[in-house]
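Novice: Please find the sequence and the predicted model below.
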Amino acid sequence: METGNRTRGKAILILLSVSLAAMLMLAGLRGGIGSGSAEAAAPVSSVLAAGGTADLQNSLTLLTALSRKAMSPSSPLRLILKWQGVYAGPAGQAGANVQTLADELGSGKITRAEKDGHSTYRAETLDTAGTRKSLFWSELADGTSYVIVTYETADLQQADSGLQAAAVSAGTVLQRRGVAAEWNVALQGMAQEGADPRAALHRTQLSVAGLLPQMGIAESYDDEATSSGSYTLPGQDRFVTSGDHSIAMQLAIHRDGETDRNRMTIGLPLITIEY
C-alpha cells in the first residue's frame, strides 16, 4: 500500500505539466537515466524563465534556508541538481562533442551504447565526499540530442565546499557547448514536523512563510501516507506553467512506513525524484 501511495503522489506532480514530457521520457527512459526506477522524467510545461546560473545560485541559497526552517537539524540532506536540455548542433559529431563536454565538466570517461538505432553516452564520477556527478547524452530521431548533467550528494552538509559552485558553472559550460539547458533542484531530508503528512505540510507552510511571504498554493494532493503542494512564488525567476499557474516550488511530505517518520522533499521548481 505504501508503494502505491507514493506512486500516486508522484503521478499527481507529474500531471502538473506534460507538453515536453514525451521528449524527456524519450531521453530519460530510453537510456535508463541513473539507476532507473526511482526517477521520473522531468514534467516540464512551458518554461517561462531562462533558468540561468544566477537564478540557480539564488535558488540554492533559498533551498538551504528552507531546509533549516523545515527539516530536522540531525537529518542528512540529499541534494539532486540537474541541468537538462537539447543539443541541436551539427549531426554526426555527438561522440566528439560529448567527450569534450565530459572533459570540461570533469565527469570521467565516456561509455557508449546503441539502443533502437541511436547512440547513448554516459560518464560518471564519485568524489571522496560522496558526491556523484554524471553526464547522460542521448541522440534523438530528429538529429538532435538530449543532455542531462546531474549532481547528487547523500548529505549536502558533508559535501565538498565547491559542490554548489561546480553545479552552477555546469550550466555555463553546457550553454557554451550548444546545449539549451535548464536546471531543476531538489533537497530531501527528515521533516521537523512529526504529525500526519497533511498536518505536517500545513505546519511547514506556516513555518516557512517568513521566508516566502508571497507564497501561494496553486495545487495540492493528499492520501494516507503523502501530502504535497505546488506553489507560486512571485519574484522567483525560475518557474513552469501549470494551467493558469506559474509553479516555482513543490513540497511533499511522505510518511516512511519503515521508520514511521516524515520525509520531506522540496523541489525548485518541481520535484522530479521519488519522495
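Specialist: Alright, I've got the coordinates.
Novice: which element follows the lengthiest helix in the chain toward the C-terminus?
Specialist: Looking across the chain with DSSP state H, the single longest helix is helix 53-70. Next in sequence after helix 53-70, counting helices and strands by DSSP states H and E, comes strand 78-87.
Novice: what about the helix or strand following that next one, distance to the chain center?
Specialist: Helices and strands here follow DSSP H and E; after strand 78-87, the next one along the chain is helix 94-105. Using C-alpha atoms, centre = their mean, to the nearest Å, the mean C-alpha position of helix 94-105 is found 22 Å from that of the whole chain.
Novice: Give me the mean pLDDT for helix 94-105.
Specialist: Taken as a whole, helix 94-105 has an average pLDDT of 89.
Novice: go on, stretch 256-265?
Specialist: Taken as a whole, stretch 256-265 carries a mean pLDDT of 95.
Novice: First-to-last residue distance for that stretch?
Specialist: End-to-end span of stretch 256-265 (C-alpha to C-alpha, to the nearest Å): 12 Å.
Novice: Buried ones in it, by neighbour count?
Specialist: Buried positions in stretch 256-265, judged by neighbour count with 16 or more other C-beta atoms under 10 Å: Asn262, Arg263, Met264, Thr265. (Each C-beta comes from the backbone N, C-alpha and C, glycine too.)
Novice: Stretch 240-249 too?
Specialist: The neighbour-count check on stretch 240-249 (16+ other C-beta under 10 Å) flags Val240, Thr241, Ser242, His245, Ser246, Ile247, Ala248, Met249 as buried.
Novice: Farthest-apart pair in those residues, please.
Specialist: Looking at those by C-beta to C-beta, the two members farthest from one another are Thr241 and Met249, with 14.0 Å of separation.
Novice: Leaving out chain neighbours, which residue sits closest to Asp222?
Specialist: What sits nearest to Asp222 in space, not counting adjacent residues and going by C-beta to C-beta, 6 or more residues apart in numbering, is Arg198, at 5.2 Å.
Novice: between the helix or strand where the one you found lies and helix 53-70, how many degrees?
Specialist: For Arg198, the enclosing helix or strand under DSSP H and E is helix 197-207. Helix 197-207 and helix 53-70 are oriented at 110 degrees to each other (axes from the mean of the first three to the mean of the last three C-alpha atoms, to 10 degrees).
Novice: which helices and strands does the helix or strand just after helix 197-207 pack with?
Specialist: On the C-terminal side of helix 197-207, the closest following helix or strand by DSSP H and E is strand 216-222. Applying 3 or more C-beta pairs under 8 Å, 6 or more residues apart in numbering; DSSP states H and E, one finds that strand 216-222 makes contact with helix 2-14, helix 197-207, strand 226-232, strand 245-247.
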